[in-house]
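>>> sequence and predicted structure, then a few things I'm wondering about:
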Amino acid sequence: MSDAEAFYTHFNTRKAHILQLLESSSSSSKAVDEINTLNDQCKQQRKAISAHDIEYYLKEIDRLYAAANSRDINNTATEKSKGDAPKKKTFKFSKGFGSKKTLPAKPAAAPSQQSPIDVPLPDVTTELTISDKQEYTYTSDNSVSADGKVYKKLVLTNIENSTLVFSHHSFGTATLTSIKNCIIYLDAVPVGPVYLDRIVNSTIVIKRCQQCRIHDSVDSNIVLVCGSGRPIIEHCSGMRFGRFSKIFPPLSDAPEGSSDWIDVDDFNWLVKDQHSENWKELDNADSMHIASQVTALLH
């Protein structure tokens, strides 16, 4: 995994942790401390991260600060309505990687200066790896191994002419590399990214993921729902995208109305007002064929 991909995994893991803090805590101060640290780590990675990626991280960090701000505003309104707390000032943040954003309460300790590439990913504890397979079939409906360990990371490498089904799994991250002439079904990667690299003439179905990045891939079908951002392709051609809930309505638990499955960002397509020639939406015939194939595998 490259440094850029490692940081991307780290960023989304920390982002999920921050969102959990905002949901579970009555105060956003701890979450803002975490956002400040993540903001510093992003600045440290400027030389290693592309301009497109910097823009993505900038937007995501601004969203985190906005969520923290909204949480404090809501708490203030609740306290005021109860009449048991003084009025609390709200705060605003400007966009960008500029000055550090802080709440009135200073953190107990300075943000860590540890390189983000070296920061451990606590959610990725046990790895399920399948590699160097041809004419291979794997079907599992359980994310727990024989010794009781829960798989948090999926790694598939150098697989050809094979079918792999991971139903009722919930991985933290998934990395698929050098996949050719395969059908692969992933049930869920709810808080982490999916990396697809060198995918050739394959169908990848992802019931739900947080982010999807696709590199150096050709002539493949991607069916998914992308939670926090649009799918990203780079150095790809002949890619076809479809929405999971449209093709597999009985299996979907994703909310309708999102366009995150089809608003694909092509980092190699620089003509702003023209649709990228490297990807298109799956047509009805292909969608029906994929639905038939995958539904048969799940039963």
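Now that the structure is in, tell me what you want to look at.

>>> from here on, just use CA atoms for contacts and neighbour counts.
OK.

>>> out of the helices and strands in the chain, which is least certain?
Ranking every helix and strand in the chain by mean pLDDT, DSSP states H and E puts helix 51-82 at the bottom, with a mean of 67.

>>> contacting residues around the following helix or strand past that helix?
Counting by DSSP states H and E, the next helix or strand C-terminal to helix 51-82 is strand 127-134. For strand 127-134, the external contacting residues (Cα atoms under 8 Å, 6 or more residues apart in numbering) are 151, 152, 153, 154, 155, 156, 157, 158, 159, 160, 161, 162.

>>> tell me the contacts of the fourth one?
Spelled out, it's residue 154. Residue 154 sits in contact with 127, 128, 129, 171, 173, 174, 175, where contact means Cα under 8 Å, 6+ apart.

>>> show me what it is bridged to.
residue 128, residue 174 (DSSP bridges).

>>> what about residue 247, distance to residue 168?
18 Å (Cα to Cα, to the nearest Å).

>>> next: residue 202.
Where residue 168 is concerned, residue 202 sits at a distance of 22 Å (Cα to Cα).

>>> and those two? Which one has more around it.
Taking other Cα atoms under 10 Å, residue 202 and residue 168 do not tie; residue 202 has more neighbours (23 against 13).

>>> just flag the most distant two among the contacts of strand 127-134.
152 and 161 (25.5 Å; Cα to Cα).

>>> looking at those two, which has the bigger crowd around it?
Remark: of residue 152 and residue 161, residue 152 carries more neighbours, 21 against 16, as counted by other Cα under 10 Å.

>>> surely the more buried one meets residue 175?
No. The criterion here is Cα atoms under 8 Å, and residue 152 misses it with residue 175 at 11.7 Å.

>>> show me what contacts residue 214?
Neighbours of residue 214 in contact, by Cα under 8 Å, 6+ apart: 195, 196, 197, 231, 232, 233, 234, 236.

>>> relative to residue 295, how far out is it?
Distance from residue 214 to residue 295, by Cα to Cα: 24 Å.

>>> in the stretch 101-250 of the chain, where is pLDDT below threshold?
Applying pLDDT under 70 to the stretch 101-250 of the chain flags the ranges 101-125, 141-151, 191, 228-229, 249-250.

>>> switch to 80 and redo it
Scanning the stretch 101-250 of the chain with the threshold set as pLDDT under 80 gives 101-126, 140-152, 168-170, 188, 190-192, 227-229, 245-250.

>>> the strands in it, which residues?
127-134, 137-140, 153-160, 163-166, 173-180, 183-186, 189-200, 203-215, 221-226, 232-234, 239-243 (DSSP state E, counting those that start in this stretch).

>>> which other helices and strands does the fifth one contact?
Contact here means 3 or more Cα pairs under 8 Å, 6 or more residues apart in numbering; DSSP states H and E; on that basis strand 173-180 packs against strand 153-160, strand 189-200.

>>> with just CA atoms, put it into PDB.
The C-alpha trace of strand 173-180 is given here as PDB (Å, rounded to 0.1, in the frame of the first residue of the first chain):
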ATOM      1  CA  THR A 173     -11.400  -1.700   5.000                       C
ATOM      2  CA  ALA A 174     -11.100  -3.700   1.800                       C
ATOM      3  CA  THR A 175      -8.200  -3.800  -0.700                       C
ATOM      4  CA  LEU A 176      -8.600  -5.700  -4.000                       C
ATOM      5  CA  THR A 177      -5.500  -5.800  -6.300                       C
ATOM      6  CA  SER A 178      -4.900  -7.600  -9.600                       C
ATOM      7  CA  ILE A 179      -8.400  -9.100 -10.100                       C
ATOM      8  CA  LYS A 180      -9.200 -10.500 -13.500                       C
END
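
>>> and the angle from it to strand 189-200?
With axes from the mean of the first three to the mean of the last three Cα atoms, to 10 degrees defining the directions, strand 173-180 sits at 20 degrees from strand 189-200.

>>> which outside residues touch strand 173-180?
So strand 173-180 is in contact with 9, 124, 152-161, 189, 191-202, going by Cα under 8 Å, 6+ apart.

>>> what about 7 Å?
Strand 173-180 is contacted by residues 152-161, 189, 192-202 when judged by Cα atoms under 7 Å, 6 or more residues apart in numbering.

>>> now these: which count as buried?
Restricting the contacts of strand 173-180 to buried positions leaves 152-154, 156-161, 189, 192-202, with burial counted as 16 or more other Cα atoms under 10 Å.
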